[in-house]
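In: I would like to see how this sequence folds:
(2 chains)
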There are 2 protein chains.
Amino acid sequence: MGGTPMKLPPFISEHMAAIDRELDRITPSEATRPTALHRAMRYTLFAPSKRVRAVLTLMSAEVCGTAGRALPAAAALELVHASSLILDDLPALDNADLRRGRPSNHVAHGEAMALMAAFNLFNLAFLTIARNYEPHVAQSLTALLSSSVGSEGLIAGEVEDLLATEASVSFDALELIHRWKTGALFAAAATAGAITAGGRPDQI
Amino acid sequence: MGGTPMKLPPFISEHMAAIDRELDRITPSEATRPTALHRAMRYTLFAPSKRVRAVLTLMSAEVCGTAGRALPAAAALELVHASSLILDDLPALDNADLRRGRPSNHVAHGEAMALMAAFNLFNLAFLTIARNYEPHVAQSLTALLSSSVGSEGLIAGEVEDLLATEASVSFDALELIHRWKTGALFAAAATAGAITAGGRPDQI
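Out: Prediction:
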C-alpha cells in the first residue's frame, strides 16, 4: 500500500524482470567453459541495475506497435552498456575500485579477465542480434548499434572525455562528450525498439 | 627476375594491396575527430602485415566463384585481428613493449587510447559488414564473425591461454587454446569468403 516516489510502476518492474530473463538466456552460464570468463561477464551484467536502456527499447517498441520482438535488441543494449562499465573502471581509465559499492570488475576478477569479459559482452551483443532477428532487421540493428558505439558514438565520447581531463574544456566540447558518451546509446535504444516493431530507420 | 623463396606470387601482392585500400576506405582518416583515436587505430591496422586472414577470405571467395564482393568481409577480419594484437600486448596480458620491432600500441599511444582503438577496430568490423552487404549476407557474416570471436572462439582462447600460464597445461588443453585463439579467425576468414560468393554456411 502507499508507495514512495521511488517505487517503480509495475510495467517497469515487469520489463526489468523480462530483460533479466533474456540476458540470462543469451549469456553462457557460469558453468560453461571458460568458466572464469563467464563468471566475470555475469558479475557486471547482473549487478543491480534499472536496465534503463533496455526498458527504453521495450517502451519504444510498444509505442510503435508491439514489444513482442524487442527483447533480444533490448538485451544487446544492456550487453554493450555492461561492457562500457567494465572499461570505464579500468586503471588506465577511471581507475575505480568500486562501482555502486561493489568491487569493480577488474578488482574482483583481475584486469586481464575484466578486459576479456568486456570484449565478450560487446561481441555477444552482435551475436544476439544476428541470431534472433530476420535478416533485414538484424542488419538495421547491427548498423544502428555499431554506429552508436563507434567513431561518432560511445567510444568517441570516451576519447573526448579522456582528452578533456588533460585540458580545459569548452562548453561545446562538453556538450559533444555527453551527446556521444551517454546520448548515443540512449538514442540507439529507442530506435532499436522501433526497428523491432517494424519501422525502418528512416521512418523513425 | 630471379626471386627468392620468400617472394610472394603476384596475385597475393595484388590481394594485399586491395585489402589495404579497402581498410583505408572504411577507417576514418587521422584528420577525423577524435583524431587521437583514429591515429591509434591506424597505427596498428597499417603496420606491415601480410594480411593472411584477409587474403584467405579473397582466395576462398575466388574458389567459390567470385571475389568481387569479398573485400569488406576480408577487411572486417583484419580489423578484428588488429584489435586482438593491441589487446594481446597490453600490460595486463602479454605486457609487450614491442611488436615486430615497433613500439606496441599502448607504448606509442597510451594504454587508455590503445583500449579505445582496440574496441573501435572491433566495432568497425561489424559496422563494415552491416553497411556493405545485402541483409542475408550481412546477417550470416555477423553471426560467423561474432561466433568466431566469442565464448567458443578467439576470446575463449585468450582466456584459456591466460589460465594456462598459471598452471601446467595438458596437451588437450593446449590444442584447444590454439584451435580457439588462432584457428577460429582463420576458419571464419575462409567461410566468410564463401558466404560473400553466394554460399550458405551450411553448404560450406
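In: alpha carbons only for contacts and neighbour counts from here, please
Out: Will do.
In: who in chain A is up against chain B?
Out: Within chain A, the residues that sit near chain B (CA under 8 Å from any CA of the partner chain) are A:28, A:33-34, A:36-37, A:92-93, A:111-113, A:116, A:119-120, A:123-124, A:126-127, A:130-131, A:135-136, A:138-140, A:142-143, A:146-147, A:149-151, A:155-156, A:158-160.
In: swap the cut-off to 7 Å and go again
Out: When proximity is defined as CA under 7 Å from any CA of the partner chain, chain A approaches chain B at A:34, A:37, A:92-93, A:111-112, A:116, A:120, A:123, A:126-127, A:130-131, A:135-136, A:138-139, A:142-143, A:146-147, A:150, A:155-156, A:159-160.
In: Please list only the buried members of those residues.
Out: Buried by 16 or more other CA atoms under 10 Å in any protein chain shown: A:34, A:37, A:111-112, A:116, A:120, A:123, A:126-127, A:130, A:135-136, A:138-139, A:142-143, A:146-147, A:150, A:155-156, A:159-160, out of the residues of chain A next to chain B.
In: Just the strands from chain A, written as ranges.
Out: If DSSP state E is used as the criterion, the strands of chain A fall at A:98-99, A:102-103.
In: would you turn those into JSON lines with mean neighbour count?
Out: Compiled in JSON lines, the strands of chain A are given as follows (neighbours: other CA atoms under 10 Å in any protein chain shown):
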{"stretch": "strand A:98-99", "mean neighbour count": "14"}
{"stretch": "strand A:102-103", "mean neighbour count": "12"}
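In: of all those, which lies closest to A:F186?
Out: Across the strands of chain A, A:F186 has its closest neighbour in strand A:98-99 (20.8 Å, CA to CA).
In: Give me the distance between the least confident helix or strand in chain A by mean pLDDT and the centre of its chain.
Out: Sorting the helices and strands of chain A by mean pLDDT, DSSP states H and E puts helix A:171-178 at the bottom, at a mean of 78. Computed by CA atoms, centre = their mean, to the nearest Å, the separation of helix A:171-178 from the middle of its chain amounts to 21 Å.
In: what does that helix rub up against?
Out: Contact partners of helix A:171-178, identified using CA atoms under 7 Å, 6 or more residues apart in numbering or on different chains, comprise A:G157, A:E160, A:D161.
In: Would you mind listing the residues in contact with the last one?
Out: The reference is to A:D161. Applying CA under 7 Å, 6+ apart to A:D161 gives the contacts A:I177.
In: Look up how far chain B lies from it.
Out: A:D161 sits 10 Å away from chain B, going by CA to the nearest CA, to the nearest Å.
In: before we move on, back to that, just curious, which of the contacts of helix A:171-178 is nearest to A:G193?
Out: A:G157 (23.2 Å).
In: isn't that closest one right next to A:A184, touching?
Out: No - using CA atoms under 7 Å, A:G157 is not in contact with A:A184, being 9.0 Å away.
In: Neighbour count for those two, which is higher?
Out: For A:G157 and A:A184, the more surrounded residue by other CA atoms under 10 Å in any protein chain shown is A:G157, and the numbers stand at 26 against 22.
In: I'd like the distance between that one and B:M116.
Out: 10 Å (CA to CA, to the nearest Å).
In: Tell me the buried residues in stretch A:19-31?
Out: A:I19, A:D20, A:E22, A:L23, A:T27, A:P28, A:E30.
In: got the contact list for the third one?
Out: Contacts here follow CA under 7 Å, 6+ apart; on that basis A:E22 touches A:L71, A:P72, A:A75.
In: Pipe those residues into JSON lines and attach pLDDT and neighbour count per row.
Out: Output for the contacts of A:E22, formatted as JSON lines (pLDDT from 0 to 100; neighbours: other CA atoms under 10 Å in any protein chain shown):
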{"residue": "A:L71", "pLDDT": "98", "neighbour count": "25"}
{"residue": "A:P72", "pLDDT": "98", "neighbour count": "24"}
{"residue": "A:A75", "pLDDT": "98", "neighbour count": "29"}
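In: Could you save these as JSON lines and add columns showing distance to A:T44?
Out: Listed next are those as JSON lines, based on distance: CA to CA, whole Å:
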{"residue": "A:L71", "distance to A:T44": "19"}
{"residue": "A:P72", "distance to A:T44": "18"}
{"residue": "A:A75", "distance to A:T44": "14"}
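In: Nearest to chain B, out of those residues: which one, please.
Out: Minimum distance to chain B across those is 14.3 Å, recorded for A:P72 (CA to the nearest CA).
In: does the closest one really touch A:F126, like I thought?
Out: No - A:P72 is beyond contact range of A:F126, at 10.3 Å (criterion: CA under 7 Å).
In: Low-confidence stretches in chain A?
Out: Low-confidence segments of chain A, defined by pLDDT under 70: A:1-6, A:166-167, A:200-204.
In: how far away is the spatially closest residue to A:E158 that is not a sequence neighbour from A:E152?
Out: Spatial nearest neighbour of A:E158, excluding adjacent residues (CA to CA, 6 or more residues apart in numbering or on different chains): A:K181 at 6.0 Å. Using CA to CA, we find A:K181 at a distance of 9 Å from A:E152.
In: So which residues of chain A form helices?
Out: Assigned by DSSP state H, the helices in chain A fall at A:10-26, A:35-45, A:52-63, A:71-89, A:105-109, A:111-132, A:135-149, A:154-164, A:171-178, A:184-196.
In: Restricting to C-alpha, output the first one in CSV.
Out: Read that as helix A:10-26. Only the C-alpha atoms of helix A:10-26 are listed here, as CSV (Å, rounded to 0.1, in the frame of the first residue of the first chain):
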residue,chain,number,x,y,z
PRO,A,10,4.6,-2.3,-12.2
PHE,A,11,5.1,-2.2,-16.0
ILE,A,12,8.7,-1.1,-15.5
SER,A,13,9.3,-3.8,-13.0
GLU,A,14,7.9,-6.4,-15.4
HIS,A,15,10.1,-5.1,-18.2
MET,A,16,13.1,-5.3,-15.9
ALA,A,17,12.3,-8.9,-15.0
ALA,A,18,11.8,-9.8,-18.6
ILE,A,19,15.1,-8.2,-19.6
ASP,A,20,17.0,-10.1,-16.8
ARG,A,21,15.5,-13.4,-18.0
GLU,A,22,16.5,-12.6,-21.6
LEU,A,23,20.1,-11.7,-20.5
ASP,A,24,20.3,-14.9,-18.6
ARG,A,25,19.1,-16.9,-21.6
ILE,A,26,21.6,-15.5,-24.0
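In: Many thanks, have a good one.
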